[in-house]
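Have a look at this prediction, sequence included:
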Amino acid sequence: MKKLLKILTIFLIILPIVVVGWFSYYYFAMSGEVGHEYKFDREHAFISRLFPINRVEEIECGGDCSQKLVIDPVYFRLFAPVSFERVKVEVEFEPNDQKIIELGFARDEDATRVVLAPIYNELVEDLVVSDDWDKITSDDLILFQRNRKFDSIDEFVKADSLEADSVALYNYSDSNFVNYSYDKVFSSKLDYNFDYKVKGLHQLYVYVEDELDFDFRFENFVRGDQVLVYKKGEQIYKKDVDGGEVTVHIPELADGVYKIVLNLSNDSIVSGFKTDNAWSFVHEVNLVDEKPIHLYTKSNKLFFQTMDKEGLQTIQVNRDDLEVGERIKQYKYDFGKYADAGLGFDRAFMKINSNGAISLSESSYVNPEFKDFRSFTSLDGVDVDFILAKYEPAEKVGDRYFANVDFDLAGAYYDDEKRIKFVFSLPEVNDLDDGYPEISKIKMNLKREPISFGVIWRKVKSLF
C-alpha cells in the first residue's frame, strides 16, 4: 500500500510538471513551429473572430461553418505570445461574385500600413486557363504574352525594349526591371509650379536632368515630417521639415525619374510646389483649396471623395459631369480601358485616386510605371501585350477554393496583448448587392528559431 501511495504521489508531482512543460512547449512554440486552425464553429484561443461585426454577416453552419464578408476591409487577430519570423496562411473560401480577395497583416496600430498578397483574382484565374495567352511559369511568377516574344521571365525583366503601355504587373515590383528606362522629352519653357494646398502624405514622380531642385512651402507641419527622395526604391536623400520653406537640391544626378515622398502627418499641409522639373502626383492627391483647378491623368478608373462641404460640386471628367453630392462618400468613374482624362473642379476640395499619375497637364505628366493589372475588371478591357503576375492559382475543389500565402513577418505590429492584426482586402465588395465572399477556414503555420531547454536553463542561470 505504501509503495502504491508513493507511486501515486510521484505521479501527482510529475503530472503538473509534464502538463505545464507541454503547454509551455506549445504556447511559446519552443520547437520553432506551431499551427492554428479556425473553422468558424467555435471560439479559438489564438485566432479571433472576424471584425468589425457590421462588416460581416452572422456565422452560418450547415455541415461546415462559414461567414460572409460584406464591407471592405475585414480584420482578425492572431495571438502570438512570442514573435515569429514567418507565417503560412491557408484560407478556404468561396469567392462568389467577388473578383479580388487579398490577405495581409498590419505594420502599425491603426492598420494604415499593411502588407498584402492576393489569395484570389478572378482575371488571373481566367488567364491561367485561357487559350488566347501564352504562359511561362517560374516559381510563383507567371508571364502571360499575347504572342510569345520572350522565352523566359528572366529575359523579359531584363529587356530594354519594353513600353510602359504594353505591360501590366500584378503583385510585382517594377524595380526588378533593371534595364527599363522611361524616355520622354519635357519642355524647359513650361511652368511646372503648383500653387494649391494639399494635405497629408503624398508621393511625386519627378523627371530630372542633371540636378533636382524643388521648393515646398508648408502652411502646417509637425515634428517628424520629412521629405525623402528615392531612385528605383533606394533612398538617396532625407530632409526634416523644420520651417515653412523647404528646399530640396541634389546636384549631379543621372537623368531619369525620381520619387519624392512627402512623409507628412495627416494634418500637415503643403501650400506651394515650385520647380523647373516636370512632375506628377503618384496615384493620389488630397486637395484642400478653394480655388478652381484643372488636372490631367491617364487611368481606367477614377475615385473622388470630399470631406468638406465646399467640395460638394459637379466634376468635369472630359466632357462628362459627375455629381459629388455627399461628404465622405466615394464616387467612381469607370472608363473601361485606360484613357486620357481631363478633370475640372470649381473648388479644389477633393481627394482624387487614379491608377495612373496626376498632373497639371498632359505635357507635364510623368509616370514611369507599368499598368496595374489589379485595376482591370474584365479580360476585354486588358489593353496590354504582356502581364507579369506574382500569383499562385488557388486550388478549386467543388465550389470551394484553397489558397496559400507565405508572409515574412518582419515589421509586423504586435499590440499590447501580443496580437498581430490581419486584414482581408476586398476591392469594390461594397458595390455588390449579393454574392459576397465566404470564408470557411483560416489555417496558420508559424515559424521562428527553435528554443531548447538548454538555452532556457542558460538564460535562467545568467540571472543569478
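Now that the structure is in, tell me what you want to look at. Numbering: from 1, shown residues only.

who's in contact with the residue minimising distance to the centre of the chain?
The centroid of the chain falls nearest to Leu116 when counting by CA atoms, centre = their mean (5.0 Å). Shown in contact with Leu116 (CB atoms under 8 Å, 6 or more residues apart in numbering): Glu102, Leu103, Gly104, Val423, Ser425. The C-beta positions use only the backbone N, C-alpha and C, and glycine is treated the same way.

can you list those residues in JSON lines and add secondary structure?
Shown next, in JSON lines, are the contacts of Leu116 (DSSP: H, G, I helix; E, B strand; the rest coil):
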{"residue": "Glu102", "secondary structure": "strand"}
{"residue": "Leu103", "secondary structure": "strand"}
{"residue": "Gly104", "secondary structure": "strand"}
{"residue": "Val423", "secondary structure": "strand"}
{"residue": "Ser425", "secondary structure": "strand"}
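
which of these sit farthest apart?
Among the contacts of Leu116, the pair separated by the greatest distance (CB to CB) is Glu102 and Val423, at 8.3 Å.

quick one on the thing from earlier: so what pLDDT did the residue nearest to the centre of the chain get?
Model confidence at Leu116, given as pLDDT, is 93.

Also Lys309?
You'll see Lys309 listed with a pLDDT of 93.

surely it meets Gly325?
No: using CB atoms under 8 Å, Lys309 makes no contact with Gly325, being 11.0 Å away.

Confirm the residue nearest to the centre of the chain sits in a helix?
No: Leu116: not assigned to a helix; according to three-state DSSP it is strand.

Please name the nearest non-neighbouring residue to it.
Distances taken as CB to CB, 6 or more residues apart in numbering place Gly104 nearest to Leu116, at 3.6 Å, with adjacent residues excluded.

now Asn404
Glu90 (5.1 Å).

Report the secondary structure state of Asn147.
Going by three-state DSSP: Asn147 is coil.

Can you name the residues that contact it?
Neighbour list for Asn147: Asp134, Asp385 [criterion: CB under 8 Å, 6+ apart].

Please tell me the pLDDT value assigned to it.
What the model reports as pLDDT for Asn147 is 93.

And it, its phi and psi?
phi -130, psi 130 (degrees, to the nearest 10).

what secondary structure does the residue nearest to Leu162 when sequence neighbours are not counted sit in?
Spatial nearest neighbour of Leu162, excluding adjacent residues (CB to CB, 6+ apart): Tyr180 at 5.5 Å. Three-state call for Tyr180 (three-state DSSP): coil.

who's in contact with Tyr180?
Tyr180 neighbours (CB under 8 Å, 6+ apart): Ala159, Asp160, Leu162, Asp174.

For Arg146, see how far away it is.
Tyr180 is 19 Å from Arg146, where distance means CB to CB, to the nearest Å.

contacting residues for the residue nearest to Leu116?
Val114, Val115, Leu116, Ala117, Phe407, Phe422, Val423, Ser425.

beta partners for the first one?
Under DSSP bridges, the beta-bridge partners of Val114 are Ala106.

what does the last one give?
Applying DSSP bridges to Ser425 yields these beta-bridge partners: Glu102.

so who does it touch?
Asp72, Pro73, Ile100, Ile101, Glu102, Leu103, Gly104, Val114, Leu116.

most neighbours, which of those?
Of all the contacts of Ser425, Ile101 has the most neighbours under the rule other CB atoms under 10 Å, reaching 24 neighbours.

How about that residue: what's its closest non-neighbour residue?
Per CB to CB, 6+ apart, closest to Ile101 is Tyr120, 4.3 Å.

Am I right that the one you found sits in a strand?
Yes: judged by three-state DSSP, Tyr120 forms part of a strand.

returning to what we had before: which one of the contacts of Ser425 sits closest to Tyr237?
Checking the contacts of Ser425 against Tyr237 by CB to CB gives Val114 as the nearest, at 26.5 Å.

OK, contacts around that closest one?
Gly104, Phe105, Ala106, Arg107, Val423, Ser425.

what sits up against the host helix or strand of Thr314?
Secondary structure assignment for Thr314, by DSSP states H and E: strand 313-317. With CB under 8 Å, 6+ apart as the test, strand 313-317 has contacts from 302, 304, 321-324, 331, 333, 341-347, 350.

go on, stretch 354-361?
So stretch 354-361 is contacted by 190, 192, 194, 205, 279-285, 294-303, 338, 352, 365-367, 369, 371-372, 375 (CB under 8 Å, 6+ apart).

what do you get for stretch 135-142?
For stretch 135-142, the external contacting residues (CB under 8 Å, 6+ apart) are 124, 127-128, 143-145, 150-154, 172, 388-392.

now, which of those residues lie within helices?
Val124, Leu127, Val128, Ile153, Asp154 (DSSP state H).

Domain boundaries for the protein, per the record?
Following automatic domain parsing, the chain resolves into domains at 2-30+451-462, 36-120+396-447, 198-367.

check contacts around Asn171.
Ala117, Pro118, Arg374, Ala389, Lys390, Tyr391.

ok, of these, which come out buried?
Buried members of these, counted by 16 or more other CB atoms under 10 Å: Ala117, Pro118, Arg374, Ala389, Tyr391.

residues of stretch 286-303 that come out buried?
Neighbour-count burial for stretch 286-303, counted by 16+ other CB under 10 Å, picks out 286-289, 293, 295-303.
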